[in-house]
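> Quick one: sequence and predicted model below, then my questions.
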Amino acid sequence: MPGMPDALALAGRTISLCLTGGIAAYKSVYLARLLLTAGAAVQPVMTASASRFVGKVTLSGLCARPVLEDMWDSSFAGEAHVALAEQSDLVVIAPTTADMLARLAQGRADDLVAALALVAKSPVLIAPAMHPRMWAHPATQRNVATLRADGRVRLVGPVEGPVANGEVGLGRMSEPEAIFAAIVEALGARTDLAGKHVVVTAGPTVEDLDPVRFLGNRSTGKMGFAVAEAARARGARVTLIAGPTALSTPRGVDRVDVRSALEMQSAIDAALGPALERADALVMAAAVADYRPATYEPEKTKKPKAGKAGDVLSIELLRNPDLLAGVGARRSGGRPVLVGFAVETRDLVDYARRKLRDKRVDLVVGNLATHGFGGDDDEVVIVDEASAEPLRASKRQIADALLDRIAGRLA
Ligand SMILES: Cc1cc2nc3c(=O)[nH]c(=O)nc-3n(C[C@H](O)[C@H](O)[C@H](O)COP(=O)(O)O)c2cc1C
C-alpha cells in the first residue's frame with residue numbers, strides 16, 4: 001500500500017481498538033486487520049451500540065481475543081478499564097459517535113470505552129464519524145473544542161465525503177489507512193534502522209557436563225528478544241543468536257539457536273563475517289558462561305559412594321573466550337556499533353565504565369542482579385563514554401532507548 005510503513009512497524013505494541021455505534025464500524029474491522037498485519041496485538045472493545053453494527057465474532061476471530069464490552073463483567077480479574085489501560089500502548093476509538101464525543105468531553109465513565117479513555121496512560125486517538133449536521137451542530141463543535149483544549153485526545157478526521165445515507169459533507173470517518181498512519185505516528189514508530197543489519201545475542205549459554213547435567217545461569221533472554229523485536233520494528237534486518245530459552249521468535253527475525261559459549265562465538269563470527277563487515281550493530285545481551293567444564297563425559301556420571309572421597313566433588317573448568325572483548329579488539333572505525341550488558345550486584349556505573357574501556361565497546365547497559373531476571377520491566381543505566389542515563393521502564397522501552405543511541409551512531 002502506498003505510504004505504508006514497514007510491515008512490522010507495530011511489532012510488540014498492544015492497541016485497544018474501541019468501536020462505538022455508527023455505520024462506519026464496519027471499516028474498523030479492516031483497521032484491525034491493518035494493525036494486526038503490522039505486528040500489533042489488538043484488543044477489541046465495543047460499546048453496546050457498536051455490537052448492533054458489526055459482529056463480535058468477526059472481531060474476536062480476527063484479533064484472537066474476546067471482545068470486551070462490559071465494565072461489570074465479573075469474569076475479568078480486577079477492574080477491566082484499569083487493566084486495559086495498563087496494557088495499552090494506544091487507545092483508539094474508531095468510529096467515535098457524537099454521543100461518545102459528548103461523553104468524552106464531559107469526562108464521563110459510564111461504559112468501558114469511556115472509562116478506558118478517562119483512565120488511559122497512553123495516547124488516545126479518536127476518529128469521529130457522523131452525519132454532517134451532527135458534526136456541524138454547535139453542541140458537537142463545543143465538545144470537540146473542549147477535547148482539543150484539554151489536549152488529552154488526538155483527533156483524526158472526520159473528512160468530507162458521502163456518509164451512510166449518501167449525503168455528502170464533513171462527517172465521514174477517515175479511511176482505515178489514514179487512521180493507521182495516525183496510529184503509527186502517535187506511537188512514534190520509526191524506520192530509522194531500515195537497511196541495517198543488527199545482530200543480537202540473548203539468553204543464557206549452558207555448558208554441558210554430561211548428557212543430563214549442565215552449568216547455566218538465570219538469564220531468560222527477555223531483554224535480548226525485546227531488542228531484536230524493536231530493531232525489526234524499526235526496519236532492521238535482525239539476526240538473533242539465542243541460548244536455550246522458552247521465548248518465541250519475534251516475527252520477521254532470523255533466529256540461530258546455540259547452546260554453549262563456543263557455539264555462540266561461532267554463530268557471532270558467521271553473522272558478522274571475517275572482517276565484521278556484515279553487521280551494522282552487535283548487541284550482546286546474552287549471559288555468556290565465563291567457564292566451561294574441562295571435559296565432557298559422554299555417559300551420565302555416576303554418584304560416588306558417600307564417604308570421605310565422595311562428599312566433595314571438584315570440577316575442573318576452562319576459561320571461555322570473552323566474546324564481547326573479542327569483537328571489541330578486532331573492530332576498527334566504530335563498526336559494528338557494539339553494545340554490552342553488565343549485571344552486577346553493586347557499583348554498577350563504575351563497573352560498566354570499566355567494561356566500556358577495557359572491552360572497547362560503545363555502550364554498556366548495566367543492571368543490578370536484584371532487578372531484571374525474568375520480568376517485563378527493568379531498571380538499568382545506559383553508560384557511554386560521556387554519560388550514564390538511568391532508566392526504569394519496560395524491556396521494550398529500554399530496547400528502544402538503546403536503539404535510539406545505536407541509530408544515532410549509525411546516522
Ligand atoms: C442505523 C444507525 C446509524 C447510526 N450512525 C451513527 C453515526 O454514524 N454516528 C453517530 O454519532 N451516531 C450514529 N447513530 C446513533 C448512535 O448509535 C447512538 O447515539 C448511540 O447511542 C451511540 O452509542 P455509543 O456512542 O455508546 O456507541 C446511529 C444510529 C443508528 C440506529
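Thanks, I have the structure now.

> Give me every residue in the stretch 101-250 of the chain lying close to the ligand.
Ala129, Met130, Met134 (Cβ under 6 Å from any ligand atom). (C-beta placed from N, C-alpha, C; glycine too.)

> can you redo those residues as a markdown table with pLDDT?
Formatted as a markdown table, these follow (pLDDT from 0 to 100):
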| residue | pLDDT |
| --- | --- |
| Ala129 | 97 |
| Met130 | 96 |
| Met134 | 97 |
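
> Quick check: Ser387 vs Leu31, distance?
41 Å (Cβ to Cβ, to the nearest Å).

> Show me which of these two is the more surrounded one.
The residue with more neighbours, out of Ser387 and Leu31, is Leu31; 26 against 9, by other Cβ atoms under 10 Å.

> Quick one: residues contacting the more buried one.
Leu17, Val92, Ala94, Pro176, Ile179, Phe180 (Cβ atoms under 8 Å, 6 or more residues apart in numbering).

> The spatially most central residue of the chain in helix, strand or coil?
The centre of the chain sits closest to Gly12, judged by Cα atoms, centre = their mean, with a distance of 3.7 Å. Here Gly12 takes the coil state, with states given by DSSP: H, G, I helix; E, B strand; the rest coil.

> how close does it get to Arg234?
Taking Cβ to Cβ, one finds Gly12 at 11 Å from Arg234.

> Kindly report the same for Gly151.
Distance from Gly151 to Arg234, by Cβ to Cβ: 28 Å.

> cool, Glu207 as well?
On the measure of Cβ to Cβ, Glu207 and Arg234 end up 34 Å apart.

> again with Val113
31 Å.

> Looking at the two now, which is surrounded by more residues?
Neighbours were counted for Val113 and for Arg234 using other Cβ under 10 Å; Val113 has more, 29 against 26.

> Which residue comes closest to the more buried one once chain neighbours are left out?
Cys18 (4.4 Å; Cβ to Cβ, 6 or more residues apart in numbering).

> now the strands: where do they sit in the stretch 151-300 of the chain?
153-155, 159-162, 168-172, 197-202, 207-208, 214-215, 237-242, 254-257, 281-284, 291-293 (DSSP state E, counting those that start in this stretch).

> Surely Asp257 and Ala242 touch.
Yes - assessed by Cβ atoms under 8 Å, Asp257 is found in contact with Ala242 at 5.7 Å.

> ok, and what's touching the helix or strand where Leu62 lies?
If you go by DSSP states H and E, Leu62 is part of helix 56-63. Here helix 56-63 makes contact (Cβ under 8 Å, 6+ apart) with 17, 19, 29, 32-33, 36, 42-44, 46, 66-67, 69.

> quick one: the closest residue to Cys63 other than its chain neighbours from Ser332, how far?
Excluding the flanking residues, the one nearest Cys63 by Cβ to Cβ, 6+ apart is Val42, at 4.5 Å. The gap separating Val42 from Ser332 is 46 Å, by Cβ to Cβ.

> more neighbours, these two?
Neighbour count, other Cβ under 10 Å: between Val42 and Ser332, Val42 has more, with 23 against 7.

> number of nearby residues for the residue of the stretch 201-350 of the chain found nearest the ligand?
Nearest residue of the stretch 201-350 of the chain to the ligand, counting by Cβ to the nearest ligand atom: Ala233, 32.2 Å away. Ala233 has 33 neighbours, counted by other Cβ under 10 Å.
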